[in-house]
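Trainee: Fold the following and give me the result.
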Amino acid sequence: MKGNRTLEAPRLLGIIWPFVAVVLFQALLGSISLYALSAVRGYVGGESLWSKGQKDAIYYLTLYADSGDQAAFEKYQRAIAVPMGGHDLRTALDLPTPDIAAARRGMLQGGNHPDDVSSVIWLYLNFRHVSYLEKAIQLWAVGDGFVQQIDSLAQEIRQGFARGKASAKKVADWKARIAAINEGVAPAASAFSDALSEGSRVLLRLLLVTNLATALFLIALAWMRSHKLLAQRQAFASALQAEKERAQVTLASIGDGVMTTDVDGCITYMNPAAEQLTHWDAQQAQGLPLAALFNLLDDNAEKDSLTLIEHILSGTLHEGGEHAKLIQRLDGSTVSVALVGAPILSEGRVSGVVVVLHDMTQERQYIANLSWQATHDALTGLANRREFEYRLEQALAGLSRNAARHSLLFLDLDQFKLVNDTCGHAAGDELLRHICAVLQGGLREGDTLARLGGDEFGILLENCPLEQAERIAENLRQMVQSLHFVWKGRPFMTTVSIGLVHLSQQPSTLEASLRAADMACYMAKEKGRNRVQVYHADDTELSMRFGEMAWIQRLHVALEENRFCLYSQEIAALGESGNAGGHLEILLRLHDESGRVILPDSFIPAAERYGLMTALDRWVVRNVFQVIRQSLDEPHQGPLAMCAINLSGSSIGDDNFLDYLHRMFTEYAIPPQLICFEITETSAIANLGSAIRFINDLKGLGCRFSLDDFCAGMSSFAYLKHLPVDFLKIDGSFVKDMLDDPINRAMVEVINHIGHVMGKRTIAEFVETPLIEQALREIGVDYAQGYLIERPAMFTCDSLRRQRTVEPPHMLKAPGTLR
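Mentor: Residues are numbered from 1 along each chain as shown. The predicted structure is shown next:
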């Protein structure tokens, strides 16, 4: 705080107040001194008048005693009035409450000048008990006593003359008494005069010493204040110099060029960065016009019509804005700078300008690099997906304005993962670089090759006839196939699958074009890889794949919005055996965007093809466990039905899914005996080793398993003995026609017999009539499932606990076991 105050500009009052105080105090002290001296002078003058009046009164009273002349007595009265006025003054001021008016009359009666009245009264009231003045007042009272005696004698003499002519003896007596009074009053008057004189001299000396001491004190105070002001001025100058040096060091250290000019635009200062930027030395540039150092150019490298000073004064280069400018130096070279300028104001008037130049060369290079990185692949240097989609969108937009034909190619390397897995990603990266070089060599100038991600590439052939596009695609396939890639002595054969889409003037969106090319490439891979697949809108197989791809997005959204729901259908015992609480199969349904219920056969193929089945299985498991946990927590008594949950082949071979099931059993504390997992025969045989490990792990907990759709694929019965399942579900295709087809009835009997021999219980699907149910009882099938038993209904807590009975036959033809 102290340092900050040092740097403040001193105000006028802050500078002169000590001197004003000195003058005022000295004037006040002088006034008091003069006033006191004036009062003392009044007393001295009054004492002179008092003495003269007393002497005159003695003289005229003596004449009056000799002659008895009335004129002499009148002169006596006039003379005695002076000392009597002094007596009245003193007695009026000695009252407990001084009578100022009476004192004033007494003074005027005593012959004092009216101007001395106030000072005499002030001195008497305030200093009556001080030293010589107190002594003088005491002598004054003694003198007043003699004056009283004279006046009493005068009245006695007058009365004597009033009674007649006085005798000589009487007159002599009067004169003797007058002389005695005169002899007594003279020493008192003299002592009073001496006391006043000595008091006035002492007062004079005191006032002189006081004035001298005060003058010395005020001179010392003024000297100290002046010294402080000088020290502040020196500190201010030092701080200003330090600030200047700090500013110069700062300006010399920053990377931006800083220049200042006077009001005429001539250079007054340049920092080193400005010297480097303009190629001018600061000393040489001193006093030169700013325009002599460089010129402003517009974006087209043409000179600006306004000077830099005019730009700054007009406010177009104010601080806070980013003003990119191109400047041309004396040697003709140009540099891009961010320029900021502001006028320098002094007392409200422009005294110059300051210009700051920031070299934008590195920033522009950085922006260019970022722009390149945003549109290109770092590994191969090709355009990336974003840039490719932009160019494709521009080409599609051009089709609506001009008649042209373009072609879009989607390329996917075959078995690229093998290179990464066996030799590492460094080998894969090197292979991608070789592939890029090969592909670029087979394209025309102006064609766009882009890396869309991983081992996928896109090619846009603009203004390319259909036949030429197909020849280019085939040529690229052969060139890739001819590439022999060797990594650390190990050769690799490379092939590519290509999807080709012809883009015509028919309305086509970016998404549709990319999806068509992707699907064509996918079909090329499905047909054996290393081929070119041309997309045709009327291709039935492609249309089916399109439908599956459309389902993928819908399934993702449905999972996010939780639009799946669970149904259940009873599996009823046909004999005495069975779970006390019953047996239910859990069925999955989907509510579409409009709320309609969608059966699984509409979306399960897409989910299986594109890897969404494990996510669906997890959703089903969690929601089934939630309902079972809720039922266990309810106070109602009675056994719960065993729930059969269908699992996909991808989930069976996923160790993470097995861990997920263990966590669910722990989290919800579900008795494993209440869960039966259903797996299809085809998925079990396709992942036989994984299926056996999966089943054994969960059976160890107490879960049960059903083998669904048994014999639907006519697989060998030899696999059955390796699968430790509890139930065999006889495929409904055999059951529903067993009454009319002896072969189907024989298949049901064989499957049932084999299952019982292996210690497994059997379940017949699609039981829709009482006759089929009766035939199954005769064969010895253990359980039945179908619309005769129960129609699928919402899976709730009531579904797990309700009493189960075989319902009368329903004339329904729709299948009832779809997942």
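
Trainee: can you give me the helices in the stretch 601-750 of the chain?
Mentor: Assigned helices in the stretch 601-750 of the chain, in chain order: 604-609, 613-633, 649-652, 655-668, 681-686, 688-701, 732-735, 742-757 (criterion: DSSP state H, counting those that start in this stretch).

Trainee: To residue 56, which of those lies closest?
Mentor: helix 655-668 (135.5 Å; Cβ to Cβ). Heads up, the C-betas are built off the backbone N, CA and C, glycines and all.

Trainee: Could you figure out how far that closest one is turned away from helix 688-701?
Mentor: If you take axes from the mean of the first three to the mean of the last three Cα atoms, to 10 degrees, helix 655-668 sits at 10 degrees to helix 688-701.

Trainee: quick check: mean pLDDT across helix 655-668?
Mentor: The pLDDT scores in helix 655-668 average 94.

Trainee: So which other helices or strands are in contact with it?
Mentor: If you count contacts as 3 or more Cβ pairs under 8 Å, 6 or more residues apart in numbering; DSSP states H and E, helix 655-668 packs onto helix 613-633, helix 688-701.

Trainee: Pretty sure residue 508 sits in a helix.
Mentor: No. Using DSSP: H, G, I helix; E, B strand; the rest coil, the assignment for residue 508 is coil, not a helix.

Trainee: a markdown table please, covering the helices and strands packed on helix 655-668 and showing mean pLDDT.
Mentor: Below are the helices and strands packed on helix 655-668 laid out as a markdown table (pLDDT from 0 to 100):
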| stretch | mean pLDDT |
| --- | --- |
| helix 613-633 | 93 |
| helix 688-701 | 90 |
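
Trainee: Tell me which of those lies nearest to residue 671.
Mentor: In terms of Cβ to Cβ, the element of these nearest to residue 671 is helix 613-633, at 8.2 Å.

Trainee: Scan this structure for its longest helix.
Mentor: With secondary structure taken from DSSP state H, the chain has its longest helix at helix 168-253.

Trainee: partners of the next helix or strand after that one, with directions?
Mentor: Counting by DSSP states H and E, the element after helix 168-253 in chain order, helix or strand, is strand 257-262. If you go by DSSP bridges, strand 257-262 pairs up with strand 267-270 (antiparallel), strand 349-359 (antiparallel).

Trainee: Identify whichever of these lies nearest to residue 143.
Mentor: strand 349-359 (80.7 Å).

Trainee: quick one: buried residues of that closest one?
Mentor: Within strand 349-359, the residues that count as buried by 16 or more other Cβ atoms under 10 Å are 352-359.

Trainee: helices and strands of this protein: which one bottoms out on pLDDT?
Mentor: Ranking every helix and strand in the chain by mean pLDDT, DSSP states H and E puts helix 2-6 at the bottom, with a mean of 45.

Trainee: Determine the set of other helices and strands touching the longest helix of the chain.
Mentor: For helix 168-253, the contact count by 3+ Cβ pairs under 8 Å, 6+ apart identifies helix 2-6, helix 12-67, helix 131-163 as packing neighbours.

Trainee: Lowest average confidence across those, which one?
Mentor: Taking the mean pLDDT of the helices and strands packed on helix 168-253, helix 2-6 comes last: a mean of 45.

Trainee: I'd guessed residue 522 sits against residue 499; true?
Mentor: Yes. Residue 522 is within contact range of residue 499, at 7.2 Å (criterion: Cβ atoms under 8 Å).

Trainee: List the residues that contact residue 535.
Mentor: Taking Cβ atoms under 8 Å, 6 or more residues apart in numbering as the criterion, residue 535 is in contact with 499-502, 516-517, 519-520, 542.

Trainee: at 7 Å instead, please
Mentor: 499-501, 516-517, 519-520, 542 (Cβ atoms under 7 Å, 6 or more residues apart in numbering).

Trainee: Please apply the same query to residue 745.
Mentor: Contacts of residue 745 by Cβ under 7 Å, 6+ apart are residue 738.

Trainee: Kindly provide the distance from it to residue 210.
Mentor: The gap separating residue 745 from residue 210 is 146 Å, by Cβ to Cβ, to the nearest Å.

Trainee: Repeat that for residue 276.
Mentor: Taken as Cβ to Cβ, the span from residue 276 to residue 210 is 73 Å.

Trainee: Output the helices of the stretch 601-750 of the chain in a markdown table; the columns should cover distance to residue 330.
Mentor: As requested, the helices of the stretch 601-750 of the chain are exported to a markdown table (distance: least, Cβ to Cβ, whole Å):
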| stretch | distance to residue 330 |
| --- | --- |
| helix 604-609 | 71 |
| helix 613-633 | 70 |
| helix 649-652 | 74 |
| helix 655-668 | 71 |
| helix 681-686 | 81 |
| helix 688-701 | 79 |
| helix 732-735 | 94 |
| helix 742-757 | 100 |
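
Trainee: Show me the shaky parts of the stretch 201-350 of the chain.
Mentor: For the stretch 201-350 of the chain, the stretches with pLDDT under 70 are 201, 203, 252, 298-311, 313-323.

Trainee: Give me the spatial nearest neighbour of residue 786, chain neighbours excluded.
Mentor: residue 767 (3.5 Å; Cβ to Cβ, 6 or more residues apart in numbering).

Trainee: Next up, phi/psi of residue 534, please.
Mentor: phi -90, psi 130 (degrees, to the nearest 10).

Trainee: ditto for residue 469
Mentor: The phi/psi pair for residue 469 (degrees, to the nearest 10) is phi -60, psi -40.

Trainee: go on, residue 763?
Mentor: phi -130, psi 130.

Trainee: Same question for residue 531.
Mentor: Torsion angles, degrees, to the nearest 10, at residue 531: phi -150, psi 170.

Trainee: wait, what's in contact with it?
Mentor: 497, 524.

Trainee: can you check residue 474 too?
Mentor: Neighbours of residue 474 in contact, by Cβ under 7 Å, 6+ apart: residue 532.

Trainee: rewinding a little: packed most tightly, which of the helices and strands packed on helix 655-668 would that be?
Mentor: helix 613-633 (a mean of 18; mean count of other Cβ atoms under 10 Å).

Trainee: Check which strands are paired with the lengthiest strand in the chain and give the direction for each one.
Mentor: Counting by DSSP state E, the longest strand found in the chain is strand 334-346. Here strand 334-346 has these sheet partners by DSSP bridges: strand 324-329 (antiparallel), strand 349-359 (antiparallel).

Trainee: Poorly predicted segments of the stretch 501-650 of the chain, please.
Mentor: For the stretch 501-650 of the chain, applying pLDDT under 70 flags the ranges 505-507, 538-550, 576-581, 637.

Trainee: quick one, strands of it?
Mentor: Taking DSSP state E, counting those that start in this stretch to define them, one finds strands in the stretch 501-650 of the chain at 532-534, 564-570, 572-573, 583-591, 597-598, 642-646.

Trainee: so which of these gets nearest residue 757?
Mentor: The nearest among the strands of the stretch 501-650 of the chain, by Cβ to Cβ, is strand 572-573 at 20.1 Å.

Trainee: Parallel or antiparallel, which strands does that closest one pair with?
Mentor: strand 783-784 (antiparallel).

Trainee: ok, then the element right after the partner strand?
Mentor: Next element after strand 783-784 (DSSP H and E): strand 793-794.

Trainee: Give me the residues contacting the next helix or strand after that following strand.
Mentor: Downstream of strand 793-794, the next assigned helix or strand under DSSP H and E is helix 797-801. Helix 797-801 has contacts (Cβ under 7 Å, 6+ apart) with 568, 584, 627-628, 630-631, 634, 636, 638, 640-641, 793.

Trainee: hmm, 8 Å instead?
Mentor: Counting by Cβ under 8 Å, 6+ apart, 568, 581, 584, 627-628, 630-631, 634, 636, 638, 640-641, 643, 793 sit against helix 797-801.
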